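Visitor: Build me a structure from this.
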Amino acid sequence: MPRVCPFTGKKTTAGRQYTRRGKAKYLGGVGRKVTGKTKRKFRANIQRVRAVIDGRVVRINVSAKAIRMGLITKPTRRQVETVAK
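Guide: Just a heads-up that it's a prediction; the model follows:
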């Protein structure tokens with residue numbers, strides 16, 4: 001199953017991690033130098049949640065942004081019955 005949000009379209013993207021050495025100019029150095037570039041992945045913040053879709057409660061993978069934006073509706077919590085003695 002791919003790491004893709006069906007609502008926002010967020011997915012894993014590729015990028016690089018830069019390794020640097022040296023001291024910044026504003027701190028009195030001669031500047032920071034890049035000593036290496038490594039491929040890496042930027043992963044979307046995908047959460048597995050229970051949501052109401054077409055009147056049914058299902059578990060789906062959605063991004064945290066979709067949850068914050070209110071694009072999914074969570075099911076109502078069950079009411080706990082209190083027993084009187």
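
Visitor: Now do the helices in this structure.
Guide: 64-69 (DSSP state H).

Visitor: Quick check: pLDDT value at residue 46.
Guide: If you check residue 46, the pLDDT there is 95.

Visitor: what pairs with it across the strands?
Guide: Under the criterion DSSP bridges, residue 46 forms beta bridges with residue 63.

Visitor: where does it sit relative to residue 7, distance-wise?
Guide: Residue 46 sits 11 Å away from residue 7 when distances are taken as CB to CB, to the nearest Å. Yep, even glycine has a C-beta here, placed from its N, CA and C like the rest.

Visitor: Now list whatever residues contact both of those two.
Guide: Both residue 46 and residue 7 are in contact with 62, 63, where contact means CB atoms under 8 Å, 6 or more residues apart in numbering.

Visitor: Of these two, give the one with the bigger neighbour count.
Guide: In this comparison of residue 46 against residue 7, neighbours counted by other CB atoms under 10 Å, the higher total goes to residue 46 at 19 against 15.

Visitor: Show me the strands in this protein, by range?
Guide: Read by DSSP state E, the chain holds these strands, from start to end of the chain: 13-21, 33-42, 46-53, 56-63.

Visitor: I'd say residue 17 and residue 35 touch.
Guide: No: the criterion here is CB atoms under 8 Å, and residue 17 misses it with residue 35 at 11.7 Å.

Visitor: Dump the strands of the chain into a markdown table; add distance to residue 79 as well.
Guide: Conversion of those to a markdown table gives the following (distance: least, CB to CB, whole Å):
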| stretch | distance to residue 79 |
| --- | --- |
| strand 13-21 | 43 |
| strand 33-42 | 42 |
| strand 46-53 | 17 |
| strand 56-63 | 16 |
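
Visitor: low-confidence ranges in this structure?
Guide: Applying pLDDT under 70 to the chain flags residues 1, 85.

Visitor: Kindly check the end-to-end length of stretch 26-43 for me.
Guide: In terms of CA to CA, to the nearest Å, the two terminal residues of stretch 26-43 are separated by 33 Å.

Visitor: How far off centre is that stretch?
Guide: A distance of 25 Å separates the centroid of the chain from that of stretch 26-43, by CA atoms, centre = their mean, to the nearest Å.
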